[in-house]
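Visitor: Just a sequence and a predicted model for now, questions to come.
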Amino acid sequence: MLHIENLTIRRGPDYRIALPLLSLQRGEVAAITGASGCGKSTLLEMIGLILRPETLDSYRLGDSATALDIADLLHEDRQKALADIRARRLGFVLQTGGLLPFLSVRQNIELPRRMLGLSVASEPVEDAIERLNLAPLLAKKPGQLSIGERQRVSFVRAIAHEPDLLLADEPTAALDPIQARKLFELIIELVRRWRIAALLVTHDWDLVRDCGIRNLVGVPDDKAPKGGTVFHDAA
Ligand SMILES: Nc1ncnc2c1ncn2[C@@H]1O[C@H](COP(=O)(O)OP(=O)(O)OP(=O)(O)O)[C@@H](O)[C@H]1O
């Protein structure tokens, strides 16, 4: 469902971040881990089509018969087409939550579907609201929520338009370990159930191991002439 080959991104004049190969199936969740500053967020932003790559041989998203090669769009800098893919096919959970403060929780969750002209009714959304215990919060504004509640709402909003790929940058970073574990497990469960592929940046190796998900780990890249990181599946 997601297939990326030979991706490199340059950060500053010298630092290179490389992803030789990544394939993810529908419903599959992989963590992105590695030392602070190694390039996890940079990699996520590139896969989220926010940053341009230095090299990229292939970036396919979708089921094989209809998979689009986004590498061509990136090389040709087709910003309108890239924005459309970002809005329709990708879902983002940001560290800060990113909810609109003047809308209710329900309105925040419905916004992506409304903006794309989709009907507001959605089975995955109602399922996620129930599993994450958000029903009592739907009429509240984000400012009236705890950090943990905001993170749960942000996750539901990110999958509301039923994207192909969820990208989450430390979605549990602001939570205590017990809450973080619960949210992480629920994200994995719902992503699997709704057959979305997901990449989750995290520092929590124990959680990744305990949840039994793939771990794409960033390690120093011997082949980068002036330093860098290469991401590989951890053994
Ligand atoms: N806008 C930028 N311009 C140039 N260099 C940047 C920029 N943003 C980040 N960097 C550098 O790129 C490298 C990777 O940063 P990145 O934020 O991707 O790492 P990270 O692994 O997500 O870090 P952390 O775990 O601390 O959040 C770092 O050396 C950082 O200083």
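Guide: Alright, I've got the coordinates.
Visitor: okay, the residue of the chain positioned farthest from its centre: pLDDT?
Guide: Computed with CA atoms, centre = their mean, the residue of the chain farthest from its C-alpha average is residue 225, at 29.5 Å. If you check residue 225, the pLDDT there is 80.
Visitor: I'd like the distance between it and residue 57.
Guide: The spacing between residue 225 and residue 57, counted by CB to CB, to the nearest Å, is 20 Å. All C-beta spots, glycine's among them, are computed from the backbone N, C-alpha and C.
Visitor: Would you mind listing what in this structure touches the ligand?
Guide: Proximity of the chain to the ligand is assessed by CB under 6 Å from any ligand atom, with 11-12, 15, 34, 36-42 identified as the residues in range.
Visitor: buried subset of these?
Guide: 15, 34, 38-42 (16 or more other CB atoms under 10 Å).
Visitor: Which of these sits closest to residue 95?
Guide: Lowest distance from residue 95 to those (CB to CB) belongs to residue 41, with 8.8 Å.
Visitor: so where does that closest one fall, helix or strand?
Guide: Assigned by DSSP states H and E, residue 41 belongs to helix 40-47.
Visitor: The helix or strand just after that helix: how far from the chain's middle?
Guide: Downstream of helix 40-47, the next assigned helix or strand under DSSP H and E is strand 58-61. If you compare the mean C-alpha spot of strand 58-61 with that of the full chain, they lie 16 Å apart, counting by CA atoms, centre = their mean, to the nearest Å.
Visitor: Strand 58-61: partners in the sheet, and parallel or antiparallel?
Guide: For strand 58-61, sheet partners with direction are given as strand 2-11 (antiparallel), strand 68-69 (antiparallel), following DSSP bridges.
Visitor: looking at the ones you listed, which one has the lowest mean pLDDT?
Guide: By mean pLDDT, the lowest-scoring of the strands paired with strand 58-61 turns out to be strand 68-69, with a mean of 80.
Visitor: who's in contact with that one?
Guide: Under the criterion CB atoms under 8 Å, 6 or more residues apart in numbering, residues 58-62, 85 lie in contact with strand 68-69.
Visitor: Out of those, the closest to the ligand would be?
Guide: Of all those, residue 59 has the smallest distance to the ligand: 18.3 Å, by CB to the nearest ligand atom.
Visitor: what number of residues lie near the closest one?
Guide: Residue 59 sits with 24 neighbouring residues when counted by other CB atoms under 10 Å.
Visitor: tell me the contacts of it?
Guide: If a contact means CB under 8 Å, 6+ apart, then residue 59 has 3-5, 7, 47, 69-71, 74 as its contacts.
Visitor: C-terminal to the longest helix seen in the chain, what's the next element?
Guide: The helix that spans the most residues within the chain, counting by DSSP state H, is helix 177-193. Towards the C-terminus, the helix or strand next in line after helix 177-193, according to DSSP H and E, is strand 197-201.
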